[in-house]
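>>> take this sequence and fold it.
(2 chains)
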Protein chains: 2
Amino acid sequence: MKAVILLSGGMDSATLIGHCIDNDIKPYCLNINYGQRHNREIKSAEKLAKYYNISLKKLDLSPLKILLKGSALTDKIDVPEGHYTQENMKLTVVPNRNAILLSIAVGYAISIKADFVMLGAHAGDHDIYPDCREEFLDPFETAILRGNYHQVKIITPFLKETKVEILQHGIKYGTPYGLTWTCYKGGKKACGKCGSCNERLEAIEQNRIKDPLEYENE
Amino acid sequence: MKAVILLSGGMDSATLIGHCIDNDIKPYCLNINYGQRHNREIKSAEKLAKYYNISLKKLDLSPLKILLKGSALTDKIDVPEGHYTQENMKLTVVPNRNAILLSIAVGYAISIKADFVMLGAHAGDHDIYPDCREEFLDPFETAILRGNYHQVKIITPFLKETKVEILQHGIKYGTPYGLTWTCYKGGKKACGKCGSCNERLEAIEQNRIKDPLEYENE
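Below is the predicted model of the structure:
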């Protein structure tokens, strides 16, 4: 079996690599630059693919940025600090992001006759990101299956799990979290304050491990 | 009301502009270069937007070509000649194309708070292109509506119509078909032999008008 992993370079998609290996699925990673501020993730995706010695396609679609307005991740808007459940975190929603990324990943999966596309969406995303919910993913998969001759399923192994639980899997798989990047601000060190950093730090703390990343104001 | 039109530069999407104007919908055109061989279409999209004095965003996503393999439109495969109902015309299927194009158009539509995304899919596409069928478009729209805060509907006014009927609308709207481009081969003149040219020529003939385009071997 073959799977295309949408590898952002963050913790969740990095853990998917271990999930594939553990389930005897050959991973083909795809990293898409959609013009996000935190494009430091891309370096992390490269390091992860090199670490595992697996295929990585990098796709520069940064011109997309001119179309996807109104998000702090692609536009000139400050990245909000706090937790994912706060209303202002909606500023980090990128218009229709997962439909765009998944559609391209499915196109690639068809080209290489892969069986699955894997996405690292998880329970912590549901409050803010409607395109990480089952109610979006289910009809999207139906459309994809009906819209193509070669059949590709959308797999989200962590959809009902918290970041804490994902990290538990990753610790078991030996996922090299020091190579991942989480912070939305994309500075030299992680900010430790944005919703994404907060979620990472909590999961790290609850798993009683040390984060190999460096943070500002440490 | 505002609509994003996926304007390829072909006859069907050109006719959508007239449809919008006729229905008091303000059109915002989006042309996406996905690495197709017949990128001469793009010039047609520009001419159409200029003719109507309407907004056109051009998005160069030609790097997508490296991922979307196995199609005569993006890969090193000869464009088949003949009619759309022939099995070899399946070579012109681009993996997951409409999901990719529609997803990006919806992202743009959300950014400009548009109400609709319009696609020129029609009955003649159904045999060969599963992503032009209602059974794909319906769940895709459901996913899009559930996956985003701002609601964008997918509109396909010509889905149950033939090319002949689309042309009837266009003649009524005064669509400038001399500015459109149809041929898949993307040469200096239209080839007159590919499935796309054949369909155009039949529609032109059945509407008893003269095609303003030049063809090879005329």
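>>> helix, strand, or coil at the spatially most distant residue from the centre of chain A?
For chain A, the residue at maximal distance from the C-alpha centroid (CA atoms, centre = their mean) is residue A:149, at 27.0 Å. Residue A:149 falls in the coil class when you classify it by DSSP: H, G, I helix; E, B strand; the rest coil.
>>> gap between it and residue B:99?
Distance of residue A:149 to residue B:99, computed by CB to CB, to the nearest Å: 14 Å. (Glycine included, C-beta is placed from N, CA and C.)
>>> and stretch A:91-103, how far out from the chain middle?
With CA atoms, centre = their mean, to the nearest Å as the basis, stretch A:91-103 stands 11 Å off its chain's centre.
>>> just stretch A:108-127 next, same as before
The offset between the C-alpha centroid of stretch A:108-127 and the centroid of the whole chain comes to 9 Å, using CA atoms, centre = their mean.
>>> now swap in stretch A:153-170 and tell me
Using CA atoms, centre = their mean, we find the averaged C-alpha position of stretch A:153-170 to lie 11 Å away from the chain's own average C-alpha position.
>>> again, but for stretch A:74-87
Counting by CA atoms, centre = their mean, stretch A:74-87 comes out at 17 Å from the chain centroid.
>>> let me see the mean pLDDT of that stretch.
Along stretch A:74-87, the predicted confidence averages to a pLDDT of 70.
>>> distance between the ends of it?
Between the opening and closing residues of stretch A:74-87 we find a distance of 18 Å, counting by CA to CA, to the nearest Å.
>>> could you measure from the residue farthest from the centre of chain A over to chain B?
Separation of residue A:149 from chain B (CB to the nearest CB, to the nearest Å) stands at 7 Å.
>>> so that residue makes contact with residue B:87?
No: with contacts defined as CB atoms under 8 Å, residue A:149 does not count as touching residue B:87, sitting 11.7 Å away.
>>> ok, then the element right after the helix or strand hosting residue A:41?
In the assignment (DSSP states H and E), residue A:41 maps to helix A:40-52. Next in sequence after helix A:40-52, counting helices and strands by DSSP H and E, comes strand A:55-60.
>>> and that next one, what other elements does it pack with?
With contacts defined as 3 or more CB pairs under 8 Å, 6 or more residues apart in numbering or on different chains; DSSP states H and E, strand A:55-60 has these neighbours: strand A:26-33, helix A:40-52.
>>> now tabulate those in CSV and tack on mean neighbour count.
Compiled in CSV, these are given as follows (neighbours: other CB atoms under 10 Å in any protein chain shown):
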stretch, mean neighbour count
strand A:26-33, 23
helix A:40-52, 19
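>>> which among the ones you listed is found nearest to residue B:112?
Of all those, strand A:26-33 sits nearest to residue B:112, with 22.3 Å by CB to CB.
>>> name the strands paired with the closest one and say parallel or antiparallel.
In its sheet, strand A:26-33 lies beside strand A:2-6 (parallel), strand A:55-60 (parallel), with partners assigned from DSSP bridges.
>>> ok, and for the last one, which residues are buried?
Spelled out, it's strand A:55-60. Of all the residues in strand A:55-60, those buried under the rule 16 or more other CB atoms under 10 Å in any protein chain shown are A:56, A:57, A:58, A:59.
>>> my read is that the third one contacts residue A:45, right?
Read it as residue A:58. Yes: counting by CB under 8 Å, a contact exists between residue A:58 and residue A:45, whose distance comes to 7.3 Å.
>>> identify the contacts common to these two.
residue A:31 (CB atoms under 8 Å, 6 or more residues apart in numbering or on different chains).
>>> backbone dihedrals for residue A:128, please?
Torsion angles at residue A:128 (phi, psi; degrees, to the nearest 10) stand at phi -100, psi -40.
>>> what is the burial count for residue A:90?
Residue neighbour count, defined by other CB atoms under 10 Å in any protein chain shown, stands at 15 for residue A:90.
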